[in-house]
Each structure stands twice: as C-alpha cells, then as structure tokens.
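Asker: Quick one: sequence plus predicted model below, questions after.
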Amino acid sequence: MVDLRPGFCRCGCGNHTAKHFVPGHNQRLRGELARSYSRAKRVAVRQPLGPPQLVAAPEAADLLGPEWLAWVAPEVEVLRTVRSNIAEAAIADFEAEWGDL
Ligand SMILES: [Zn+2]
C-alpha cells in the first residue's frame, strides 16, 4: 500500500514518522511496487482523504515521484520519455511552421 497521509510512513505500515518513511521502509515499498508491477497487480493507495483506492503500480509509483516510476516500472518511464520527445518534436515542427505558441 502507498500511504500519502501526512505524518504516516508512505509504505502503508501505519507508523507515524516526521519524514516520508520509517528508515528502510522506502526499500520495502519499492520492492512491493516492483513485484506488483511485474505481476500486473494493482496497489492500494491511501490519499489524505477518502478510502484507499486500487491503482496500477506505475500510477502508484508516479504519485511518489518520477524516480519511483523509474525504479518500479523502468519500461513505462522509457516510454514516457520517448512520448514526450515525440511531443516536443511535434511542437517544434508546429512552431517552425506557425511561429511561437
Ligand atoms: Zn513503513
């Protein structure tokens, strides 16, 4: 589980912490997310408000930051970079033809 409530360890263990993780629990969560991703299992995400929701592992990783997405689902991160490069090329073409946006 990913716990995004302020003051709680993000790994979902329920421990209180002033930082994002109880020491060592970031590795635990990284492992959990990577396993979920490789098995195509969804992950529970607890936002500050509302009940936990199940999301795809890359989505859960993305909520924790871009480096998490790169750790957990490197293929997704690579695809996203390729897509944004394609988008940038398309914008450059458009600007070359029509001027700055
Ligand atoms: Zn924890």
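Answerer: Looks like it arrived, so ask away. What you are looking at is a predicted structure, and each value in this text was computed from that prediction instead of being measured. Numbering: from 1, shown residues only.
Asker: tell me the contacts of Arg42?
Answerer: Ser36, Leu54, Val55, Ala56, Ala57 (C-beta atoms under 8 Å, 6 or more residues apart in numbering). No exception for glycine: its C-beta is placed from N, CA and C like everyone else's.
Asker: SS state for the most centrally placed residue in the chain?
Answerer: Nearest to the mean C-alpha position of the chain, by C-alpha atoms, centre = their mean, lies Asp62 at 1.4 Å. Under DSSP: H, G, I helix; E, B strand; the rest coil, Asp62 falls in the helix class.
Asker: measure it to Gly24 for me?
Answerer: Per C-beta to C-beta, to the nearest Å, Asp62 is found 23 Å from Gly24.
Asker: do the same with Leu54
Answerer: 25 Å.
Asker: Among those two, which residue is more densely surrounded?
Answerer: Leu54 (12 against 8; other C-beta atoms under 10 Å).
Asker: what does the model give Leu101 for pLDDT?
Answerer: Per-residue pLDDT puts Leu101 at 53.
Asker: what does the helix or strand of the chain with the lowest mean pLDDT rub up against?
Answerer: Least confident helix or strand of the chain, by mean pLDDT, DSSP states H and E, is helix 74-98 with a mean of 85. Contacts of helix 74-98 with the rest of the structure, by C-beta under 8 Å, 6+ apart, involve Pro58, Pro66, Leu69, Ala70, Leu101.
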